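Student: let me see the structure of the following:
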Amino acid sequence: MQAISRRLGHQSSVHSLKSVYPLCSHYYGADNERYVSTLATKGVGQLVRKGTGGRSSVSGIVATVFGATGFLGRYVVQALAKMGSQVLVPFRGSEDSHRHLKLMGDLGQIVPMQFNPRDESSIKAVMAKANVVINLIGREYETRNYSFEEVNHSMAEVLATIAKEHGGVMRYIQVSCLGASSSSPSKLLQTKAAGEAAVLRELPEATILRPAVMIGTEDRILNTWAHFAKNYSFLPLIGDGSTKIQPVYVVDVAAAVVSALKDDGSSMGKIYELGGPEVFTVRELAELMYDMIREWPRYVPIPFPIAKALATPRELLLKKVPFPLPNPDIFNLDQINALTEDTVVSKDALTFSDLGIVPHKLKGYPVEFLISYRKGGPNFGSTVSERVSPDAYP
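Tutor: Presented below is the predicted three-dimensional model:
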């Protein structure tokens, strides 16, 4: 009898939870007044807050962060959780893909929710209780299952449309890429520009952030270079290495997301270009990497036509073979195309300074994670004899 009563009690609690947290698609539409308006005209300043603003406080923000399990996502989740926000983390992979995020917030503040990006009802479910939506979804290469068009354009349009129908979403932030343009030689940047246009068409009050290539512990540029240089003792230099880029520390980009949320709504409907304080050529950034891993710089210049020829077979065979192909690292055709043009912040663009942020210079702490690639351990390396005075030895 006790077992039966416990089972009945459990079922009643499940039904009560379902009534409190409706997940079905019929809760969205004109019949429910919560879901008939678009974004609020103000920022999140009117939300109820409790506490001093720390981890255990209540900021009033309930944010659904799409792409939270990615590189930038972990820093955005950390920044939101640190100020007492509840973060809903949609994930489509394994149960382990989000476990590192749960430690970033107070108990119950990080809520993983499995979803299917191609299923609108599951998107509505993870967005149901949110008042802030942040889209970080992106991919720097195509796979057999997901193309640039679907990931960067179609998904962004669907998320914006559902957020518009939601009615309770007060802020929508779309993270794009610096250099996004319909005339770019890169398909990634073309589709990012199309995604921006689709979001602004549905939600004119959305905030668009365009970060440059991001540097950090889990980045996909310096880590890739350092791993290749350590294993093969040289680094392929696409072109002559003179292409200008403006890399930015990933923590600064996460801070820009939070700063846009905390303002009085002045950032709504605007586009910000987020580049670091210094402009590097590709060769200068590689030299910074070599300096940190303490290896002798050795480059093999590869002209653009040859680099494209090396990267093209994967693109041709991607959807023609019945098995997945390896992900591209150095020879990514789309990134090679992007390197044919400089990617720096425009002169008249809104930048970090308009969000009240001073970005970090890369040399120093932001690239210290590269010491793990030093031969012999963090205190050693091939060039250590040049950097340590003989008097320092015991």
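Student: ok, now how distant is residue 381 from residue 225?
Tutor: Here residue 381 is placed at a distance of 16 Å from residue 225 (Cβ to Cβ, to the nearest Å). C-beta here means a position set from N, CA and C on the backbone, and glycine is covered the same way.
Student: residue 126 now?
Tutor: When Cβ to Cβ is applied, the distance between residue 126 and residue 225 equals 36 Å.
Student: just give me the neighbour total for residue 138.
Tutor: Using other Cβ atoms under 10 Å, residue 138 has 21 other residues around it.
Student: now it: how far from residue 165?
Tutor: When residue 138 is compared with residue 165 (using Cβ to Cβ), they lie 23 Å apart.
Student: please list all residues in contact with residue 356.
Tutor: Neighbouring residues of residue 356 by Cβ atoms under 8 Å, 6 or more residues apart in numbering: residue 259.
Student: make 52 the starting number, not 1.
Tutor: Okay, residue one is now 52; in that scheme the one you just asked about reads as residue 407.
Student: so what pLDDT did it get?
Tutor: At residue 407, the model reports a pLDDT of 95.
Student: low-confidence ranges, the protein, go.
Tutor: Counting by pLDDT under 70, the chain contains low-confidence residues at 52-100, 102-103, 436-445.
Student: nearest residue to residue 277 in space, please, no chain neighbours.
Tutor: Excluding the flanking residues, the one nearest residue 277 by Cβ to Cβ, 6 or more residues apart in numbering is residue 424, at 4.3 Å.
Student: pretty sure residue 110 sits against residue 132.
Tutor: No: at 9.6 Å, residue 110 and residue 132 do not qualify as touching, with contact defined as Cβ atoms under 8 Å.
Student: so for the two, which sits in the more crowded spot?
Tutor: When neighbours are counted by other Cβ under 10 Å, residue 110 comes out ahead of the other of residue 110 and residue 132, with 26 against 22.
Student: quick one: that one from residue 184, how far?
Tutor: The spacing between residue 110 and residue 184, counted by Cβ to Cβ, is 16 Å.
Student: show me what contacts the nearest residue to residue 183 once chain neighbours are set aside?
Tutor: Nearest residue to residue 183, sequence neighbours excluded (Cβ to Cβ, 6+ apart): residue 114, at 4.1 Å. Remark: with contacts taken as Cβ under 8 Å, 6+ apart, residue 114 is in contact with 131, 136, 137, 138, 139, 181, 182, 183, 184, 185, 312.
Student: do a quick rundown of the strands in the stretch 102-251 of the chain.
Tutor: 113-117, 137-142, 161-165, 183-186, 222-226 (DSSP state E, counting those that start in this stretch).
Student: can you redo the ones you listed as a markdown table with distance to residue 195?
Tutor: Putting the strands of the stretch 102-251 of the chain into a markdown table (distance: least, Cβ to Cβ, whole Å) gives the following:
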| stretch | distance to residue 195 |
| --- | --- |
| strand 113-117 | 22 |
| strand 137-142 | 20 |
| strand 161-165 | 22 |
| strand 183-186 | 23 |
| strand 222-226 | 25 |
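Student: select, out of the ones you listed, the one closest to residue 352.
Tutor: strand 222-226 (33.1 Å; Cβ to Cβ).
Student: by contact count, what packs against that closest one?
Tutor: With contacts defined as 3 or more Cβ pairs under 8 Å, 6 or more residues apart in numbering; DSSP states H and E, the secondary structure elements packing on strand 222-226 are strand 183-186, helix 206-217, helix 238-253, strand 258-262, helix 301-313.
Student: I'd say residue 182 and residue 217 touch.
Tutor: No: assessed by Cβ under 8 Å, residue 182 is found out of contact with residue 217, at 9.3 Å.
Student: mind checking which of the two has more residues around it?
Tutor: For residue 182 against residue 217, the residue with the higher neighbour count under other Cβ under 10 Å is residue 217, and the figures read 24 against 18.
Student: what are the phi and psi values at residue 373?
Tutor: The phi and psi torsions at residue 373 (degrees, to the nearest 10) take the values phi -80, psi 20.
Student: that one - how many residues pack around it?
Tutor: A total of 5 residues lie near residue 373 under the criterion other Cβ under 10 Å.
Student: also residue 401?
Tutor: Counted with other Cβ under 10 Å, the burial measure for residue 401 works out to 18 neighbours.
Student: just the element for the nearest residue to it once chain neighbours are set aside, please.
Tutor: Closest residue to residue 401 in three dimensions, ignoring its sequence neighbours and counting by Cβ to Cβ, 6+ apart: residue 323, at 4.6 Å. Secondary structure assignment for residue 323, by DSSP states H and E: strand 322-325.
Student: the following helix or strand past that strand pairs with which strands, parallel or anti?
Tutor: Tracing the chain past strand 322-325, the next element assigned as helix or strand by DSSP H and E is strand 331-332. Here the strand partners of strand 331-332, with direction, are listed using DSSP bridges: strand 295-296 (antiparallel).
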